[in-house]
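Asker: Next input, structure requested:
(chains A and B)
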Protein chains: 2
Amino acid sequence: MKSAALLEAPRAAPLSVTADLHASLSDPALTSMTLLNEITGDYPDAVSFAAGRPYEGHYRAEALHRHLRRYTRYLERERGLSAEQVRRTLFQYGPTKGTINELIVRQLQTDEGIQAGPEAVVVTTGCQEAMVLLLRALRRDERDVVLAAAPTYVGFTGAARLTEMAVHPVPEGPGGLDPADLARAVARARADGARPRACYVIPDFANPGGSRMSLDDRRRLLRVAEDLDILLIEDNPYSMFHDGRGRLPTLKSLDTTGRVVYIGSYAKTAYPGARIGYVVADQPVVQGGLFADQLAKLKSMFTLNTSTLAQAAIGGLLLEHDCSMERACAREAAVYRRNLRTLLDGLARRFPPDGDSGVSWNVPAGGLFAVVTVPFTADEQALEESARRFGVLWTPMRHFYAGTGGLRQLRLSYSVLTPHEITVGLDRLAALVEARSDRG
Amino acid sequence: MKSAALLEAPRAAPLSVTADLHASLSDPALTSMTLLNEITGDYPDAVSFAAGRPYEGHYRAEALHRHLRRYTRYLERERGLSAEQVRRTLFQYGPTKGTINELIVRQLQTDEGIQAGPEAVVVTTGCQEAMVLLLRALRRDERDVVLAAAPTYVGFTGAARLTEMAVHPVPEGPGGLDPADLARAVARARADGARPRACYVIPDFANPGGSRMSLDDRRRLLRVAEDLDILLIEDNPYSMFHDGRGRLPTLKSLDTTGRVVYIGSYAKTAYPGARIGYVVADQPVVQGGLFADQLAKLKSMFTLNTSTLAQAAIGGLLLEHDCSMERACAREAAVYRRNLRTLLDGLARRFPPDGDSGVSWNVPAGGLFAVVTVPFTADEQALEESARRFGVLWTPMRHFYAGTGGLRQLRLSYSVLTPHEITVGLDRLAALVEARSDRG
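Answerer: Numbering: from 1, shown residues only, chains lettered A, B, ... in the order given. Reported below is the predicted structural model:
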């Protein structure tokens, strides 16, 4: 009888996103991304310059098995673990800071010239978790703010919304973040009573802007951060993917005063499915230990520890390439170089500089993205038409400006496309430009 | 010259946990856990009743490979994916909600009689992330609060500190949470101007209390939640580990009005190294979709998606056991049953009920924990002496009460010990009790 009564009970009133749930869920930054994904999902057959995914042509399931075995062998032979300890390392809860910190530290030394002890590293569930941890740590109350090069990676904006940390934009030009602009933005924030804690920057082939900071600007940025007494959050997912003319030193490798917190990721250099990123936070803490220890304390309450299984797979991959991701992702880097050339050549052919198309673009020295300026408003409505009538997808740049900039710009991602697809996609983009230009 | 100047630059002032970082990092709930871990780490040779880890005797590296292959085969044969699609599923970014939702839904049906569509499930980086997502979603401002059975799992307390959500305790007795107590706590909170959003409860063998709610109380709890218009967050990591006398239906399986959000985890039934948990949130949302869709939006800003590699490994394990974790963890459940008997028998022998030891304990019907009341203050100092002089570790129950209860109680975890270790550990515990009792 009781059961029957229960079965007839009225269902609870539905939850309202705007009335019942956290404000981030109604935030334009998050909702616009969802809308974009929906448009993209509605046109699976379109050529997509929208996807931010890495090239997947070299993924092999057998490599997973090989990497796991390689890591297990390393634990046994190089680390001297017993069979029982190896099993524990693979299957049990792991240390909050991570299990493959020694290998990450070797990689940072090999690829980046960054000197860090394993105790300064916290392995995270992708670099996204690293951003959340950092913002959570630095946000004490509503007066704390962060600065970020604008246009800004939406993942950073999202992490800031979740932690209720205000983001003040610092304009980023083709040469990357200008340290003088940062100084001005910090002064403005302080004049308004805010406490700027850190500036988020991707010095190498920023997402979405594609810019790269010069060596001089990197050095100036470090001095400005020192003068302003703020941290720099350096995010480096793309530096391996240069155009063949080599790399510049990371901020972290130039940092002598402990101003830089460095975020790394194996999503692009290895593969995203492991969800392995990390943060290097070697800043000392008054009460003892490093900033990394405080981030680990937070992490223990977010995700306990990063999957030891996924860490083992990435650990084996690192070992297989002598802890050089530059070596590990050389084939992908070549694909991106080829695709970038195809894209830039294709744009130049379709929109000659002496023409009147009104189309221009940046020439990135690497990365996965280029930005194209078009003679029409590049919003969701234009994207929807682009997908439906012309079969080509891209990302409106306004999303990376919280709606306040990039209104006639679009981001083209070329990482997962073949040269043929890029060519077809550009033809379609040219048709869109023509159609939209006709309408003035 | 510039480089030389940089090299001589003064290092930045150290960060202060109390002045520069988020309040959760100075919170007693988090710092006491760190202190406990330190004490535990200082005595690696002690018999540890402190570890909350699952039994690890049946872990085999080869099983990982087998599970990954089994999942790959399933994608090819049952889901009809091409080789390219299979590789993408393993290596690329995955859907925010997860890749193995279909298998989890089958398992919920098989093991728990829970009917849920795959769209109602969000796969998370362990159940810890599920708690953070829920609390972030429900916390709009400082008036929102949650209730939790006290003593409370520290992971929930930690997630609440991170999201700045106040936790109001509801006393939990040997019979679990009393729905009347919940009603009183909600009324009190409302009288104080707070808005109670949900109550967190582990109906089956609570951590740390070990209690189990009766079927009647489960039904009453659902009705009370309905009357009070709050959600119930049901966390179910342990129900498989009953004492042999069977299981009770979960709240979720009894829920006809959509009051229950269900959190599950494969950390205990499979293994923790995958860090795979999930949340079932089938509550409708005014603006369309389910509560799960909103949690997924938040997740996309916390961790993007749960490791597809780790999901594949758990997916293969599920498939290998026809999506029954009860079958998959039968051997572990037998170990816990044996260990619980050994523990309870051992306690009864050492502290006979007609004696004057002042020691008593609960008799859990399953789970991984028992609670012992002792005739002395069970604090860090007692724990340190216990480890140093007697070689036995346990967890002070006060940690699960935010310091306000359980002062003379300790939690004994028996999941990773052999019967011999339990026997030796209890001898040492008895010696500690004797030594401390002498001091009055």
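Asker: and chain A, what are its domains?
Answerer: As assigned by automatic domain parsing, chain A contains the domains A:17-57+A:330-438, A:62-328.
Asker: Need those domains in TSV (columns: mean neighbour count, distance to B:T373 and mean pLDDT).
Answerer: Heads up, the C-betas are built off the backbone N, CA and C, glycines and all. What follows is these, written out as TSV (neighbours: other Cβ atoms under 10 Å in any protein chain shown; distance: least, Cβ to Cβ, whole Å; pLDDT from 0 to 100):
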stretch	mean neighbour count	distance to B:T373	mean pLDDT
domain A:17-57+A:330-438	18	40	93
domain A:62-328	21	28	97
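Asker: Work out for me the element A:L68 sits within.
Answerer: Taking DSSP states H and E as the definition, A:L68 sits inside helix A:61-73.
Asker: what sits up against that helix?
Answerer: Contacts with helix A:61-73, where a contact means Cβ atoms under 8 Å, 6 or more residues apart in numbering or on different chains, come from A:86, A:90, A:100, A:312-317, A:319-320, B:61, B:64-65, B:68, B:72, B:86-87, B:90, B:309.
Asker: Determine the next helix or strand in the C-terminal direction from it.
Answerer: Remark: after helix A:61-73, the chain's next helix or strand is helix A:83-91, criterion DSSP H and E.
Asker: Spell out which parts of the stretch 201-350 of chain A neighbour chain B.
Answerer: Within the stretch 201-350 of chain A, the positions near chain B by Cβ under 8 Å from any Cβ of the partner chain are A:219, A:222-223, A:226, A:229, A:254, A:256-259, A:267, A:271-276, A:283-287, A:291, A:294, A:297-298, A:300-310, A:313.
Asker: Which ones among those map onto strands?
Answerer: Using DSSP state E, A:I276 are the members of those that sit in strands.
Asker: Just the residues of the stretch 201-350 of chain A next to chain B: which are in helices?
Answerer: A:219, A:222-223, A:226, A:254, A:291, A:294, A:297-298, A:300-302, A:308-310, A:313 (DSSP state H).
Asker: from these, which two are the most distant?
Answerer: The span of these, defined through Cβ to Cβ, is set by A:R223 and A:L309 at 42.8 Å.
Asker: Now the closest residue to A:H242 other than its chain neighbours: phi and psi?
Answerer: Excluding the flanking residues, the one nearest A:H242 by Cβ to Cβ, 6 or more residues apart in numbering or on different chains is A:G366, at 3.8 Å. When read as degrees, to the nearest 10, the backbone of A:G366 gives phi 160, psi -170.
Asker: Quick check: A:G366 touching A:F205?
Answerer: Yes: under the criterion of Cβ atoms under 8 Å, A:G366 makes contact with A:F205 at 4.6 Å.
Asker: Dump the helix holding A:L68 to CSV, restricted to CA.
Answerer: Below are the C-alpha coordinates for helix A:61-73, written out as CSV (Å, rounded to 0.1, in the frame of the first residue of the first chain):
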residue,chain,number,x,y,z
ALA,A,61,45.4,1.1,-29.3
GLU,A,62,48.5,-1.1,-29.1
ALA,A,63,50.6,1.8,-28.0
LEU,A,64,48.5,2.0,-24.8
HIS,A,65,49.4,-1.6,-23.9
ARG,A,66,53.1,-0.9,-24.8
HIS,A,67,53.2,2.2,-22.6
LEU,A,68,51.6,0.5,-19.6
ARG,A,69,54.1,-2.3,-19.9
ARG,A,70,57.0,0.1,-20.3
TYR,A,71,55.9,2.0,-17.2
THR,A,72,55.5,-1.2,-15.2
ARG,A,73,59.0,-2.3,-16.2
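Asker: sorry, back to before: list the residues that contact both of A:G366 and A:F205?
Answerer: With Cβ under 8 Å, 6+ apart, A:G366 and A:F205 have common neighbours A:R212, A:Y238, A:S239, A:F241, A:H242.
Asker: Make JSON lines from those residues and add secondary structure to it.
Answerer: Output for those, formatted as JSON lines (DSSP: H, G, I helix; E, B strand; the rest coil):
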{"residue": "A:R212", "secondary structure": "strand"}
{"residue": "A:Y238", "secondary structure": "coil"}
{"residue": "A:S239", "secondary structure": "coil"}
{"residue": "A:F241", "secondary structure": "coil"}
{"residue": "A:H242", "secondary structure": "strand"}
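Asker: which non-adjacent residue is nearest the residue in the stretch 301-440 of chain A that chain B sits nearest to?
Answerer: For the stretch 301-440 of chain A and chain B, the shortest gap (Cβ to the nearest Cβ) falls at A:M301, measuring 3.3 Å. Excluding its sequence neighbours, the residue lying closest to A:M301 (Cβ to Cβ, 6+ apart) is B:G158, at 3.3 Å.
Asker: Now for the one you found: which residues touch it?
Answerer: B:G158 neighbours (Cβ under 8 Å, 6+ apart): A:S300, A:M301, B:S24, B:A29, B:L30, B:M33.
Asker: Which secondary structure element is home to it?
Answerer: Counting by DSSP H and E, the element that carries B:G158 is helix B:154-162.
Asker: what angle sits between that helix and helix A:291-302?
Answerer: With axes from the mean of the first three to the mean of the last three Cα atoms, to 10 degrees applied, the angle from helix B:154-162 to helix A:291-302 works out at 110 degrees.
Asker: State the three-state secondary structure for the residue nearest to A:S300 when sequence neighbours are not counted.
Answerer: Once flanking residues are discounted, A:S300 sits nearest to A:T96: 4.8 Å by Cβ to Cβ, 6+ apart. Following three-state DSSP, A:T96 is assigned to coil.
Asker: In this structure A:T96 contacts A:F302, no?
Answerer: No: contact criterion Cβ under 8 Å: A:T96 and A:F302 do not qualify, at 10.0 Å.
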